[in-house]
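A.B. asks: With the input below, show me the fold.
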Amino acid sequence: MKIIDLPVEPRDKLGSANSRRLRLAGHIPCILYGGKKEVVPLATTVDAFGLVLKERTALVRLQLDEKAQTALVRDLRWDTFGDYIQHVDFVRVEMTDEVRVNTPIRYLGTPKGAALGGKTQQAKSDLELLARVDSIPTEITIDISDMDIGDSIHVSDLPLPENCKPARATNEVLVQVVEPKLNIDPTEKDDEAEEPPPTE
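C.D. replies: Down below sits the predicted model:
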């Protein structure tokens, strides 16, 4: 996973009113915690954090007063309509720490079974991993183009990077190609239905 240098500044005034003023000025209220150290209120700019979103990374190097602290984006809080970020939580990490992260899954191609009417069912859009910070993948890609009807891919089938493993059961299905459902009209008469017995 790519690491992004993110400039931050200390946030002396707390409270919802001050947070609103920060947002109106183009800043995002943040907080840094973890590592058995004190909680530090921070702020960054919308433009600076936009690069983190663009690169689809959760790993940042916070730049504060000529000091740097490696951290993970632990939580993003959006407004009601999902238009802008209201708050960001960062947790301190070292590059050799093992952390729990959710990594997006990208499915590549169209299953060959789809040409036969098969339906692709993608069970998950991301996967929870236990990974060393310096080994966190930006995304997991799965090529599904060779999948036929009846095929499935499980967590255990994924080639994960070194120092990276699933956080949950490996028999979980990620994607499968199932047979198409037959559309049968229950009101349709069967042409081969038995004729009523003749009357005497």
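A.B. asks: From now on I want contacts and neighbour counts done on CA atoms only, so please keep to that.
C.D. replies: Noted.
A.B. asks: quick one, what contacts residue 106?
C.D. replies: Going by Cα atoms under 8 Å, 6 or more residues apart in numbering, residue 106 touches 125, 139, 140, 141, 142.
A.B. asks: Can you select the buried ones from these in ChimeraX?
C.D. replies: Buried members of these, identified by 16 or more other Cα atoms under 10 Å, are gathered into one ChimeraX selection as follows:
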select :139,140,142
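A.B. asks: Identify the neighbouring strands of the helix or strand containing residue 101 in the sheet and state each direction.
C.D. replies: Element membership of residue 101 [criterion: DSSP states H and E] is strand 98-108. Counting by DSSP bridges, the strands paired with strand 98-108 are strand 126-132 (antiparallel), strand 140-143 (parallel).
A.B. asks: of all the ones you listed, which lies closest to residue 36?
C.D. replies: In this view, the strands paired with strand 98-108 are compared for proximity to residue 36 by Cα to Cα, and strand 126-132 is the closest at 18.8 Å.
A.B. asks: Buried residues of the closest one, list them for me.
C.D. replies: Residues of strand 126-132 classed as buried: 127, 129, 130, 131, 132 (neighbour count, 16+ other Cα under 10 Å).
A.B. asks: coming back round to it: what is the rounded mean pLDDT of the strand holding residue 101?
C.D. replies: Regarding strand 98-108, the rounded mean pLDDT is 93.
A.B. asks: For residue 154, see how far away residue 120 is.
C.D. replies: In this structure, residue 120 and residue 154 are separated by 14 Å, where distance is defined by Cα to Cα, to the nearest Å.
A.B. asks: Next: residue 178.
C.D. replies: From residue 178 across to residue 154, the span is 15 Å (Cα to Cα).
A.B. asks: more neighbours, these two?
C.D. replies: For residue 178 against residue 154, the residue with the higher neighbour count under other Cα atoms under 10 Å is residue 178, and the figures read 18 against 14.
A.B. asks: so that one bridges to which residues?
C.D. replies: The partner residues for residue 178, given DSSP bridges, come to residue 119.
A.B. asks: In contact with it, which residues?
C.D. replies: With contacts defined as Cα under 8 Å, 6+ apart, residue 178 is in contact with 118, 119, 120, 121, 149, 150, 151.
A.B. asks: same thing with residue 60?
C.D. replies: For residue 60, the contacting residues are 3, 4, 5, 6, 52, 70, 71, 72, 73, taking Cα under 8 Å, 6+ apart as the criterion.
A.B. asks: can you count the residues close to the third one?
C.D. replies: Applying the criterion other Cα under 10 Å, we find 17 residues in the vicinity of residue 5.
A.B. asks: With the fifth one instead?
C.D. replies: Residues contacting residue 52 under the criterion other Cα under 10 Å number 19.
A.B. asks: Same check on the first one?
C.D. replies: Counted by other Cα under 10 Å, the residues lying close to residue 3 total 16.
A.B. asks: Would you mind confirming that residue 85 makes contact with residue 30?
C.D. replies: No: with contact taken as Cα atoms under 8 Å, residue 85 and residue 30 are classed as non-touching, separated by 10.3 Å.
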